[in-house]
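Visitor: sequence? don't have it. structure:
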């Protein structure tokens, strides 16, 4: 029998991931293998998979090895490769801490969306729950041009926000109007998102406090989306007439997701920081014979 493959399971505001430690990049993870592992009935289950590799050992990250020792080789639940996942970075950092590879404080994580700066806070009380994890998500890009999204017979204008991956943010009066979000909400114009888009539906809760539901491309509705929460905070700030680059004052929004809350701060230099909990819930071994049987 082949050697079992170690895995862990973790989540950030219930955006959950299968974690596969593989420092030397020796485990082949085909799209079919990732999809099988992320299957919620026949596999381990997750919104995506975090393949933990040393940057120097992965062809997609060798050029970043001098800046970040560890590379988050992230895959969506359908096996597709994506640039970045904000909650994934926070859970990735929590795994590194749990494994004794990093400690509290600052670290750098390589992703296909560039190097992300992460801060692991100390527990609020000695012996208490792990401290929150903050990740610098980079700067939002706000492409010009009108876009719109629809569900059934309802249509909304949407704000086009790119956080290293594309988002369409629509402000609605009721989150139920988003429907079941099993299928990607249609958008126009068709040329706006040639590779698909993450769609966020947003309602107001209080000043600088919103709630969202999201359809993540390649996954469906998820309990949380980190880049989506950042996109929502930026879109809400611009809607509210707030731009830190113009005022010189940071702007912070609390964004409620189905799995909890994230605190998003946009700074005058454009850098966006996301803070929230990240939890490791289990670890075990993948049966390599099972994995081979479902991928052949």
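Guide: Structure's in. What do you need? No experiment lies behind these values; they were computed from the predicted model shown.

Visitor: Name the residues of the host helix or strand of residue 91 that are buried.
Guide: Assigned by DSSP states H and E, residue 91 falls within helix 86-98. Neighbour counts over helix 86-98 (16 or more other C-beta atoms under 10 Å) mark 86, 87, 88, 89, 90, 91, 92, 93, 94, 95, 96, 97 as buried. Heads up, the C-betas are built off the backbone N, CA and C, glycines and all.

Visitor: what's the offset of it from the middle of its chain?
Guide: 11 Å (C-alpha atoms, centre = their mean, to the nearest Å).

Visitor: centre of the chain versus stretch 159-173, how much separation?
Guide: The answer for stretch 159-173 is 14 Å, by C-alpha atoms, centre = their mean.

Visitor: Need the residue closest to the centroid of the protein.
Guide: By C-alpha atoms, centre = their mean, the mean C-alpha position of the chain lies nearest to residue 85, the distance being 2.8 Å.

Visitor: Excluding sequence neighbours, find me the nearest residue to residue 33.
Guide: residue 295 (4.8 Å; C-beta to C-beta, 6 or more residues apart in numbering).

Visitor: buried residues in stretch 175-192?
Guide: Quick answer for stretch 175-192 (16+ other C-beta under 10 Å): 178, 179, 181, 184, 185, 187, 192.

Visitor: so where's this protein uncertain?
Guide: Scanning the chain for pLDDT under 70 picks out the ranges 1, 128.

Visitor: please redo it, this time with the cut-off set to 80
Guide: Residue ranges of the chain with pLDDT under 80: 1-2, 124-129, 218, 296.

Visitor: mind listing what the residue nearest to the centre of the chain touches?
Guide: Residue 85 sits next to 15, 48, 72, 74, 226, 227 when contact means C-beta atoms under 8 Å, 6 or more residues apart in numbering.

Visitor: Run through the bridge partners of residue 272.
Guide: Beta-bridge partners for residue 272, by DSSP bridges, are residue 138, residue 266.

Visitor: which ones are touching it?
Guide: 136, 137, 138, 139, 140, 163, 230, 233, 234, 264, 265, 266.

Visitor: The fifth one: neighbour count?
Guide: Summarising burial for residue 140: neighbours were counted as other C-beta atoms under 10 Å, giving 22.

Visitor: nearest spatial neighbour of it, skipping sequence neighbours?
Guide: Among residues not flanking residue 140 along the chain, residue 234 sits closest, at 4.5 Å (C-beta to C-beta, 6+ apart).

Visitor: And for the second one?
Guide: With C-beta to C-beta, 6+ apart as the criterion, residue 137 has its nearest non-adjacent residue at 4.5 Å, and that residue is residue 272.

Visitor: for residue 201, same thing?
Guide: According to C-beta to C-beta, 6+ apart, the nearest residue to residue 201 is residue 178 (4.0 Å).

Visitor: ok, that neighbour touching residue 171?
Guide: No: if you go by C-beta atoms under 8 Å, residue 178 and residue 171 don't touch, sitting 11.7 Å apart.

Visitor: With residue 64 as the reference, measure out to the nearest residue to residue 83 once chain neighbours are set aside.
Guide: Nearest residue to residue 83, sequence neighbours excluded (C-beta to C-beta, 6+ apart): residue 113, at 4.1 Å. From residue 113 across to residue 64, the span is 11 Å (C-beta to C-beta, to the nearest Å).

Visitor: ok, now residue 71?
Guide: 7 Å.

Visitor: hey, what's in contact with both of these two?
Guide: Joint contacts of residue 71 and residue 64 (C-beta under 8 Å, 6+ apart) are 55, 110.
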